[in-house]
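**Q** Dropping a prediction and its sequence here:
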Amino acid sequence: MISILILTKNEQHDLPGCLASVDWSDDIHVFDSHSTDATVEIARAAGAHVTQRIFDNYAAHRNAAFQLPFKYPWLLILDADERPTPELSREMQQIILSATPETSGFRLRRRDFLFGTWLKHAQISPFYIRLVRPERSRYTRAINEVIEVTGPIAELSYPLDHFPFSKGIAHWVSKHNVYSTMEAELIHRQQGLRNPSLKTALRDPDFHTRRLHQKALFYKLPGRPIIKWLYMMFLRRAVLDGYAGLVYATLQSIYEYLIVLKTKELDRGGA
């Protein structure tokens, strides 16, 4: 069996579906950042263990969650807007039975959806390490956190579905306004990666590591928002995802532009 960790903050909209997608586990933990809606009540009604902690930053918060008393050696890490497909759920339960003692985790492919459309081409974050032995795992980076796992990593065949726009476009924009502020502060304090590698940015098997190096290289380029839009639309072929692909690429370029503007503002010493 597998333990489940779901991280929440005001997730009454998405949590019921997430809990239903992992109802095959008898050890579900909801790690909550003091929600003010019905998140905690929903979790407890479903039989989940609830622990609350004041959020400080993404890496520290997730590392604190690793200290929970999980019932099983394997842990599946989820956000409330994610759903393992039935095929993935069966695969995970089967594969841990034959996993070697040295195996420390599994990476899986995630599918993002917008307007009911799978962003097959526009989505630039296909693989994540989510099934791990928690005692061999830790997160780094305060934002866009990266998981580091000690030991070999294998891959799963079936996808994890992600619905980042389940609460609407306005919620996504509001959340990424906060993210862009945090990104700008990291750049301003020069706490990003200091010596990024092009080879790692293109070829590292772990998405989070690739993205870390890609962002560090990307921050050095002029005209980043336009470059990102063109890259997503034509190199990643988001155009093949139709209207959803166009919207997603445009939102991502706006997010990049917010980082640029906020970084410049900080570098000038304020507005």
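**A** Ah, there it is.
**Q** count of residues packed around the closest residue to residue 185 other than its chain neighbours?
**A** Excluding the flanking residues, the one nearest residue 185 by CB to CB, 6 or more residues apart in numbering is residue 266, at 6.8 Å. All C-beta spots, glycine's among them, are computed from the backbone N, C-alpha and C. Neighbourhood size, residue 266 [other CB atoms under 10 Å]: 16.
**Q** looking at this, residue 266 is in a strand?
**A** No: going by DSSP: H, G, I helix; E, B strand; the rest coil, the assignment for residue 266 is helix, not a strand.
**Q** and it, what pLDDT?
**A** Listed pLDDT for residue 266 reads 93.
**Q** Tell me how far it lies from residue 33.
**A** 26 Å (CB to CB, to the nearest Å).
**Q** got a list of what the residue nearest to residue 185 touches?
**A** 184-185, 188 (CB atoms under 8 Å, 6 or more residues apart in numbering).
**Q** Ranking by neighbours, what's the top pick from the residues you listed?
**A** Neighbour tally across the contacts of residue 266 (other CB under 10 Å): the maximum, 20 neighbours, falls on residue 184.
**Q** hmm, back to that, inside helices: which ones of the contacts of residue 266?
**A** Those of these mapping onto helices are 184-185, 188, per DSSP state H.
**Q** got any ranges where the stretch 1-150 of the chain has weak pLDDT?
**A** Counting by pLDDT under 70, the stretch 1-150 of the chain contains low-confidence ranges at 124-125.
**Q** Helices along that one, start to end?
**A** With DSSP state H, counting those that start in this stretch as the criterion, the stretch 1-150 of the chain has helices at 15-21, 39-45, 58-65, 86-98.
**Q** mind listing what's buried in the longest one?
**A** The one in question is helix 86-98. Buried residues in helix 86-98, defined by neighbour count with 16 or more other CB atoms under 10 Å: 88-89, 91-92, 95-96.
**Q** for the ones in helices among the contacts of residue 266, which one is nearest residue 140?
**A** Proximity of the ones in helices among the contacts of residue 266 to residue 140 (CB to CB) peaks at residue 185, which lies at 16.7 Å.
**Q** What score does the closest one have for pLDDT?
**A** On the pLDDT scale, residue 185 gets 90.
**Q** Reformat the ones in helices among the contacts of residue 266 as TSV; add distance to residue 202.
**A** Below are these laid out as TSV (distance: CB to CB, whole Å):
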residue	distance to residue 202
184	25
185	27
188	27
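**Q** returning to that earlier point: turn the helices of the stretch 1-150 of the chain into CSV, columns for distance to residue 236.
**A** Output for those, formatted as CSV (distance: least, CB to CB, whole Å):
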stretch, distance to residue 236
helix 15-21, 28
helix 39-45, 34
helix 58-65, 25
helix 86-98, 24
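**Q** wait, which of these is closest to residue 249?
**A** Once the helices of the stretch 1-150 of the chain are compared by CB to CB, helix 58-65 is nearest, at 24.6 Å.
**Q** Tell me the confidence at residue 271?
**A** Residue 271 carries a pLDDT value of 56.
**Q** And the chain, split by domain according to the record?
**A** 3-162, 169-267 (automatic domain parsing).
**Q** Quote the end-to-end distance of the last one.
**A** So that's domain 169-267. Domain 169-267 stretches 30 Å from its first residue to its last (CA to CA, to the nearest Å).
**Q** For it, what is the distance to the chain centroid?
**A** 14 Å (CA atoms, centre = their mean, to the nearest Å).
**Q** ditto for the longest one
**A** In terms of CA atoms, centre = their mean, the gap separating the centre of domain 3-162 from the centre of its chain is 9 Å.
**Q** end-to-end on it?
**A** OK, domain 3-162 end separation, CA to CA: 20 Å.
**Q** Any idea which of the helices of the stretch 1-150 of the chain gets closest to residue 150?
**A** Using CB to CB, the helices of the stretch 1-150 of the chain put helix 58-65 closest to residue 150, at 13.8 Å.
**Q** Would you map the strands across this protein?
**A** Using DSSP state E, the strands of the chain run over residues 3-8, 28-32, 49-52, 75-79, 82-84, 105-114, 117-118, 127-132, 137-140, 146-149, 153-155, 160-162.
**Q** buried ones in the third one?
**A** Of the residues in strand 49-52, those buried under the neighbour-count criterion (16+ other CB under 10 Å) are 49-50.
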